[in-house]
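Undergrad: pasting a predicted model and its sequence here:
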Amino acid sequence: MSKIYPAMVVGALLLAGIAFRTLPSAAEDAVVIAPPAVDLAAGPVATATAVFAGGCFWGVQGVFQHVDGVSNAVSGYAGGKAETADYQKVSRGWTGHAEAVRITYDPRKISFGRLMQIYFSVAHDPTELDRQGPDVGTQYRSAIFPQDDEQGRVAAAYIAQLDQARAFPKKIATKIEPGQTFYPAEEYHQDYLIRNPRQPYIVINDLPKVENLKRLFPGVYREKPVLVADAGQ
């Protein structure tokens, strides 16, 4: 994973004695979008799973760790085989895997559709093809890995809805990839945003996403994040 950040900007900030965490949130744009017209009914089930890929998993995980109703968000890989679900291999871009996040949530508190709204609005730019920000390659693609046919149906309907409404300046590039297994990433990737809030890549690319979540979705924003270290993978 090429964690690139504007070196000249960071260097200037250091020379000026400005802490990384004070970088403006304008570094990451968010888009206000309508909720899905078609969603999954809550039902009696207390636990459900969603798997999203949207660039580097550090930021996507960090966003959903702050969403009320989410009990766990694990960074990992989806789209390839078990034997290639390894950071060094995935980073080379030939495994078929995307950096992804497995979200465990309570559908009685937050719906799959609401999670998708957050995913498209603040977690990443769904119009980018095989890249997010400074990271380029198929491993950084925008993809939804539905856990069943209903999730796939709702995801497809929402993408069509957003494209028809021209919610974004370009057509959504997000792919729906059913039937794929999720593999948790290495331990050092888990809770990375929470554990490294002053790391330049996190400050520039990911903390603004969390701020946008707080600003655009105050009703579901949770100040204290849920951690993999506490919940277990």
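TA: Cool, got the structure. Numbering: from 1, shown residues only.
Undergrad: distance of Tyr119 from Thr95?
TA: In this structure, Tyr119 lies at 23 Å from Thr95, with C-beta to C-beta, to the nearest Å as the measure. In this view, the C-beta of every residue, glycine as well, is placed from N, C-alpha and C.
Undergrad: neighbour-wise, which of the two wins?
TA: Neighbours were counted for Tyr119 and for Thr95 using other C-beta atoms under 10 Å; Tyr119 has more, 25 against 19.
Undergrad: so who does the residue lying closest to Phe64 once chain neighbours are set aside touch?
TA: Sequence neighbours aside, Ala73 is the residue nearest to Phe64 in space, at 4.2 Å (criterion: C-beta to C-beta, 6 or more residues apart in numbering). For Ala73, the set of contacting residues under the criterion of C-beta atoms under 8 Å, 6 or more residues apart in numbering consists of 61, 64-65, 101-104, 226, 228.
Undergrad: does Ala73 sit in a helix or strand, and which one?
TA: strand 70-78 (DSSP states H and E).
Undergrad: identify each buried residue in that strand, please.
TA: Along strand 70-78, the positions that meet the burial threshold by neighbour count (16 or more other C-beta atoms under 10 Å) are 70, 72-78.
Undergrad: list the contacts for Val63?
TA: In this structure, Val63 makes contact with 118, 122-123, 209-210, 213, judged by C-beta under 8 Å, 6+ apart.
Undergrad: nearest to Pro197 among the residues you listed?
TA: The shortest gap between Pro197 and any of the contacts of Val63 belongs to Val210, at 9.6 Å (C-beta to C-beta).
Undergrad: and the next helix or strand past whichever strand or helix holds the closest one?
TA: Under the criterion DSSP H and E, the helix or strand holding Val210 is helix 207-216. Proceeding C-terminally, helix 207-216 gives way to helix 228-231 as the next helix or strand, assigned by DSSP H and E.
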